[in-house]
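1. could you look at this predicted model? Sequence included:
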Amino acid sequence: MAGDSVSVARRPAATLGSMPTHFSHATDDTDTTPGNLDDALARIDARARRAHDAFERARDFATALEGVRGRGESSGVRVVVDQHGLLREVTYPDPLPAPTPSSLLAQATVRAHRAALADALAQLAGHARTTWGDDPLATQVVDEARARFVGAGS
C-alpha cells in the first residue's frame, strides 16, 4: 500500500475571541459592575473572615484536645487514656487484695478502661460544644470519637 495516504482533519485553533471570558457560579463574586464591585469585595472579605475564624476554632480545638486525659476506676484499678482513647496509664492497687483471681482483676481493668473512655469522650464533647456550639460539625466530631472509643473499649 505504498501509494496510500492518511489525512487528518485539523480543527481551527482557538482564538481569544472564541474563548469564554466569564464563568458564572451560584455564588459569583466577580461581578465588576461599578455599583457591585464594593459589594463583591465585601462578600469576599466576609468569606475570608469566616474561613479564618473557622481555622482559628479548629486550631483551638486541636490544642484543647492535647490536654484530654480520661480517667476511670474500678475495684481499685485506675486507668488513664489520652484524647485518642489510647491507654497511657494503668495502676493496680498495691498490695493487691488477697486472694484476687486474675479474672476479677481483668474485669476491673476493662471496667476502668471503659470509664476512662467515657470520661475522655465527655471532655472531647465539652471542647466541641465550646468551640463550635450548635454547629453540626460538633456533633460529627463527637459521633466519630464515640465510634472510635466504643471500638477501643470492646
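-> Cool, the structure landed.
2. tell me which element the closest residue to residue 96 other than its chain neighbours is part of?
-> Of all residues not flanking residue 96 in the chain, residue 105 sits nearest, at 7.3 Å (CB to CB, 6 or more residues apart in numbering). Glycine gets a C-beta too; all of them are placed from N, C-alpha and C. In this assignment (DSSP states H and E), residue 105 forms part of helix 102-132.
3. now the helix or strand following that helix: buried residues?
-> Note on helix 102-132: by DSSP H and E, the next helix or strand toward the C-terminus is helix 136-152. Using 16 or more other CB atoms under 10 Å as the test for burial, helix 136-152 gives 137-138, 141-142, 145, 149, 152.
4. report all helices and strands that helix 136-152 contacts.
-> Helix 136-152 sits against helix 102-132, with contacts defined as 3 or more CB pairs under 8 Å, 6 or more residues apart in numbering; DSSP states H and E.
5. just checking, what packs against the helix it packs on?
-> Against helix 102-132 (3+ CB pairs under 8 Å, 6+ apart) you get helix 34-66, strand 70-74, strand 77-81, strand 87-91, helix 136-152.
6. would you mind finding the most buried of the ones you listed?
-> Highest mean neighbour count among these (mean count of other CB atoms under 10 Å): strand 77-81, with a mean of 23.
7. which residues sit against that one?
-> With contact meaning CB atoms under 8 Å, 6 or more residues apart in numbering, strand 77-81 is reached by 69-73, 87-93, 105, 108-109, 111-113, 115-117, 120.
8. that older thread, how about the helix holding residue 105: buried residues?
-> Residues of helix 102-132 classed as buried under the neighbour-count rule (16+ other CB under 10 Å) are 105, 108-109, 111-121, 123-125, 127-128, 131-132.
9. relative orientation of it and strand 87-91 in degrees?
-> Orientation check (axes from the mean of the first three to the mean of the last three CA atoms, to 10 degrees): helix 102-132 against strand 87-91 gives 140 degrees.
10. ok, residue 47 to residue 41 distance?
-> From residue 47 across to residue 41, the span is 11 Å (CB to CB, to the nearest Å).
11. for residue 72, which non-adjacent residue is spatially closest?
-> Nearest in space to residue 72, with sequence neighbours left out and distances taken as CB to CB, 6+ apart, is residue 115 at 2.8 Å.
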